[in-house]
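>>> Test case, fold it:
(2 chains)
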2 protein chains.
Amino acid sequence: MSTEPNSPPSLQGQLAILGEAVPLELDCGARLGPFNMGYQTYGTLNAARSNAVLICHALTGDQHVASENPVTHKPGWWTLLVGPGLPIDTDRYFVICSNVLGGCMGTTGPRDIDPATGKAYGLTFPVITIGDMVRAQAMLLDHLGIEKLFCAIGGSMGGMQVLQWASAYPERVFAAVPIACAARHSAQNIAFHEVGRQAIMADPDWCAGDYLAQGRNPRAGLAVARMAAHITYLSEQALHRKFGRNLQDRPRIAYGFEAEFQVESYLRHQGSTFVDRFDANSYLYITRAMDYFDLAEAHGGSLAAAFEGTRTRFCIASFTSDWLFPTSENRKIVHALNAVAANVSFVEIDSDKGHDAFLLDEPEFHATLTGFLSAAWDARQRTA
Amino acid sequence: MSTEPNSPPSLQGQLAILGEAVPLELDCGARLGPFNMGYQTYGTLNAARSNAVLICHALTGDQHVASENPVTHKPGWWTLLVGPGLPIDTDRYFVICSNVLGGCMGTTGPRDIDPATGKAYGLTFPVITIGDMVRAQAMLLDHLGIEKLFCAIGGSMGGMQVLQWASAYPERVFAAVPIACAARHSAQNIAFHEVGRQAIMADPDWCAGDYLAQGRNPRAGLAVARMAAHITYLSEQALHRKFGRNLQDRPRIAYGFEAEFQVESYLRHQGSTFVDRFDANSYLYITRAMDYFDLAEAHGGSLAAAFEGTRTRFCIASFTSDWLFPTSENRKIVHALNAVAANVSFVEIDSDKGHDAFLLDEPEFHATLTGFLSAAWDARQRTA
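I've put the predicted structure just below:
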């Protein structure tokens, strides 16, 4: 069985081949191995191997968190937070970020070659869960010789992974920072994901998932999915502030179906640039994993039970204008942690930038992270 | 030039042929005439012709407000409100509801035959506005011999038409009830409409708008548009209450891309039934008309100026969980009316049903309407 990486090396940064001896057991019952894991690291692992920070990325994120993205040639997606002297200080911490299982940036996903058939997986790729993503990350840490994380941190779907980490591997996570997330995906959020999936699957170029073999690409459907999702990442206020009803390159309305309003032009741009960097089937698989996420359900309906006996230090952050993962959902996590007497800080950041605020310049949020991580690091030193 | 109705008679109920002598002047500069107007009436016009109530329907509504819909064979869309002894009492009022210009239920729209070419208009149909819809309705009232409405009432896009009526024809509207609407469409709402339009236009069966001539129908794209829009009509609470994370016809998740969650199944059903009753190009045109709506912009940027000197009595209603046309947008209308010392009542109804609440069983809303209309009717009698 070949262990050749399937994705072009340029996408991958660092690459681990995992599951060769013992495959990854997926929640759906399938086994996966060997598989590739694309990841990036920043900073240096200390001698005690105690300073590792795992950053978990969101739905359409990737491992290029603090360095140029090799596909888009844009800066990393969290350069505001990760770097020397920044809240996630790479002078102090060894930062790891891996592309999620099912992704399309170096970690094995539906567009990669199934070694059993020699053809792209497409829809034969097994359906994955947040739990599977985290088990794969745990295998990467084993591979890197890191027994315990100083911190697992991430926003949105990244936050779901952080919660899963803290629940599944409590002894491997000293501190956990789930940001702008939920312990289970809501009906409304499942509904928005379903619209996106239907848009992809309605595109004849999707070819029932077999588009790669047929030399096609459901660009139009994926762009519509991205547009619908993108609205949910912003707040009404942010859209109003950015665009209002301003017209695009014209003094008055033209009575047509071109992008006349700036907000239309912006959305179309979001859709068309996204399809250049993302795989449509990966979008189906990763949205599905988020839909399935329900940490309480896996613990007899009790979210508190998911964290019973935890010694992890938690910092939970939400944003006032985030309507995708509103404060109420984040607060449920806090309440569950309180119920098991966990060490938990909670902050709701006043922001009008919507869900995307966790990616943006929010000084209060950044100051909160700096404070929490510094205090946790001091505590970690004392326990070392 | 033929004045034959283009749509099958079964869709139309009553039909007026308008604009034969003098065509309708559209905001875009085009002229339309003759054109058909499908409408329904309920109750009897009194001798003084003073008891006419015009109901303005929403984006995907039609004239079948209180009687069986000939296409879906479902009851009218406002049977809770319109009928003998109901808030809009057909024992007292003569109720008129017409299909909007650009629609697909008897009033001329893009799927009808352009008498100039003998072919379906498709995208050659002129782009229309809320103002155009209302001017066409005014022509219908002229045709019916009704000089002044007792009341114009409607929710959502219907409310936009009511505002336009009160502003453009203040002497023709004794009372106006705009419900769950806005005096201008927000950037977020334009964005959601644009997603729907892009979904339609991405469907190869749309054929650049020429699908009728080519014997095709962009069903998949229109269904996705409807699904995305439908989420915005409901509240997160309503979706949670109705569906939560309940699975559809299965005891546990199946790890696949079928509709596993009830909310997915529900959305797919909404999409697939909608395409049986609605025309994709009509959807483009009518959403565009809503996007263009900005009553203040047409009055030098002052919403109050749109109602200067009005003697119309207004009742404005919003719903707490409506995030498509939130109370804040409705309140802006109230403030503008206050600024010109208009007679205005405002009520925010506590409901968790989202935007669709205006169509549903909301006793406090219905009681408010009954009270307002009765008082206005008494006042109307005194002025008669």
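
>>> In contact with the residue in the stretch 251-384 of chain A that chain B sits nearest to: list those residues for me.
Closest contact between the stretch 251-384 of chain A and chain B, by CB to the nearest CB, is at A:Tyr255 (3.8 Å). Quick note: C-beta positions are derived from backbone N, CA and C, even for glycine. Contacts for A:Tyr255 (CB atoms under 8 Å, 6 or more residues apart in numbering or on different chains) come out as B:Asp27, B:Cys28, B:Gly29, B:Pro126, B:Val127.

>>> Could you identify the most distant pair in those?
Farthest-apart pair in the contacts of A:Tyr255 is B:Gly29 and B:Val127; separation 10.0 Å (CB to CB).

>>> Between these two, point out the one with more neighbours.
Just comparing B:Gly29 and B:Val127: by other CB atoms under 10 Å in any protein chain shown the higher neighbour count belongs to B:Val127, 21 against 8.

>>> in what helix or strand does the more buried one lie?
Using DSSP states H and E, B:Val127 falls within no helix or strand.

>>> Check what pLDDT A:Asn6 gets.
Listed pLDDT for A:Asn6 reads 43.

>>> And the helices in chain A, which stretches?
A:9-12, A:130-144, A:157-168, A:187-202, A:219-233, A:236-242, A:262-274, A:280-292, A:327-339, A:363-383 (DSSP state H).

>>> wait, which of these is closest to B:Ala304?
Using CB to CB, these put helix A:236-242 closest to B:Ala304, at 20.4 Å.

>>> The closest one near chain B anywhere?
Yes: judged by CB under 8 Å from any CB of the partner chain, helix A:236-242 comes into contact with chain B through A:Glu236, A:Leu239, A:His240, A:Lys242.

>>> Sketch out the low-pLDDT regions of chain A for me.
In the predicted model of chain A, residues A:1-12, A:384 satisfy pLDDT under 70.

>>> Now do the contacts for the spatially most central residue of it.
Centroid check for chain A by CA atoms, centre = their mean gives A:Ala58 as the closest residue, at 1.8 Å. Counting by CB under 8 Å, 6+ apart, A:Ala58 touches A:Gly154, A:Gly155, A:Ser156, A:Met157, A:Gly158.

>>> Quick check: chain neighbours aside, which residue is closest to the last one?
Spelled out, that is A:Gly158. A:Cys56 (3.7 Å; CB to CB, 6 or more residues apart in numbering or on different chains).

>>> That neighbour: how many residues sit nearby?
32.

>>> is it in a bridge, and if so with what?
Taking DSSP bridges as the rule, A:Cys56 bridges to A:Gly154.

>>> Please verify my assumption that it contacts A:Gly154.
Yes: in this structure, A:Cys56 is within contact of A:Gly154 by CB atoms under 8 Å, at 3.2 Å.

>>> Identify the contacts common to those two.
A:Gln161, A:Val162.

>>> Using CSV, lay out the contacts of A:Ala58 together with neighbour count.
As requested, the contacts of A:Ala58 are exported to CSV (neighbours: other CB atoms under 10 Å in any protein chain shown):
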residue, neighbour count
A:Gly154, 28
A:Gly155, 30
A:Ser156, 27
A:Met157, 25
A:Gly158, 27
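
>>> can I get those in TSV with distance to B:Cys104?
Compiled in TSV, these are given as follows (distance: CB to CB, whole Å):
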residue	distance to B:Cys104
A:Gly154	47
A:Gly155	43
A:Ser156	40
A:Met157	40
A:Gly158	45
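
>>> Just the closest of the residues you listed to A:Ala202, please.
Closest to A:Ala202, out of all of the contacts of A:Ala58 and judged by CB to CB, is A:Met157, at 23.9 Å.

>>> From chain B, how far out is that closest one?
As for A:Met157, its distance to chain B is 17 Å (criterion: CB to the nearest CB, to the nearest Å).

>>> quick one: contacts for that residue?
Contacts of A:Met157 (CB under 8 Å, 6+ apart): A:Cys56, A:His57, A:Ala58, A:Leu59, A:Val100, A:Ile130, A:Cys181, A:Ile286, A:Ala289, A:Met290.

>>> at 7 Å what do you get?
Contact analysis of A:Met157 by CB atoms under 7 Å, 6 or more residues apart in numbering or on different chains lists A:Ala58, A:Leu59, A:Met290.

>>> Give me every residue in the stretch 51-200 of chain A lying close to chain B.
A:127, A:184, A:186-188, A:190-192, A:194-195, A:197-199 (CB under 7 Å from any CB of the partner chain).

>>> Let's see if you can find the most crowded of the residues you listed.
A:Ala199 leads those on contacts (other CB under 10 Å) with 35 neighbours.

>>> Nearest residue to that residue in space, ignoring adjacent ones along the chain?
Nearest residue to A:Ala199, sequence neighbours excluded (CB to CB, 6+ apart): A:Val224, at 4.0 Å.

>>> from memory that neighbour sits against B:Ile200, does it?
No: applying CB atoms under 7 Å, one finds A:Val224 not in contact with B:Ile200, separated by 9.6 Å.

>>> In terms of neighbours, single out the busier of these two.
Each of A:Val224 and B:Ile200 has its neighbours counted (other CB under 10 Å); A:Val224 has more, 34 against 27.

>>> who touches the nearest residue to A:Ala225 once chain neighbours are set aside in this structure?
Distance criterion CB to CB, 6+ apart; nearest residue to A:Ala225, sequence neighbours excluded, is A:Gly196 at 3.3 Å. Contact analysis of A:Gly196 by CB under 7 Å, 6+ apart lists A:Ala225, A:Ala228, A:Ala229, A:Tyr283, A:Thr287.

>>> what about the second one, how many residues close to it?
Pointing back at A:Ala228 there. 29.

>>> any idea how far A:Thr124 lies from chain B?
12 Å.

>>> Ramachandran angles for the residue of the stretch 251-384 of chain A closest to chain B?
Note on A:Tyr255: its backbone torsions stand at phi 60, psi 60 [degrees, to the nearest 10].

>>> Write out the residues of the stretch 201-350 of chain A neighbouring chain B.
Applying CB under 7 Å from any CB, we find that the stretch 201-350 of chain A lies next to chain B at A:202-204, A:220-221, A:224, A:227-228, A:231, A:236, A:239-240, A:243-245, A:253, A:255-257, A:261, A:263-264, A:267, A:284, A:288, A:291-292, A:294.

>>> Which members of the residues you listed are classed as buried?
For those, a burial check counting by 16 or more other CB atoms under 10 Å in any protein chain shown picks out A:202-203, A:220-221, A:224, A:227-228, A:231, A:236, A:239-240, A:243, A:245, A:253, A:255, A:257, A:261, A:263-264, A:267, A:284, A:288, A:291-292, A:294.

>>> mind listing what A:Gln237 touches?
A:Ser321, A:Asp352.

>>> got a list of what A:Gly256 touches?
Applying CB under 7 Å, 6+ apart to A:Gly256 gives the contacts B:Val127.

>>> where exactly do the strands run in the stretch 1-150 of chain A?
Per DSSP state E, counting those that start in this stretch, the stretch 1-150 of chain A carries strands over the ranges A:14-18, A:24-25, A:31-32, A:35-42, A:52-56, A:82-83, A:88-89, A:94-98, A:113-114, A:119-120, A:149-155.

>>> Contacts for the first one next, please.
Right, strand A:14-18. In contact with strand A:14-18 (CB under 7 Å, 6+ apart) are residues A:3, A:5, A:34-41, A:106, A:136, A:139-140, A:143.
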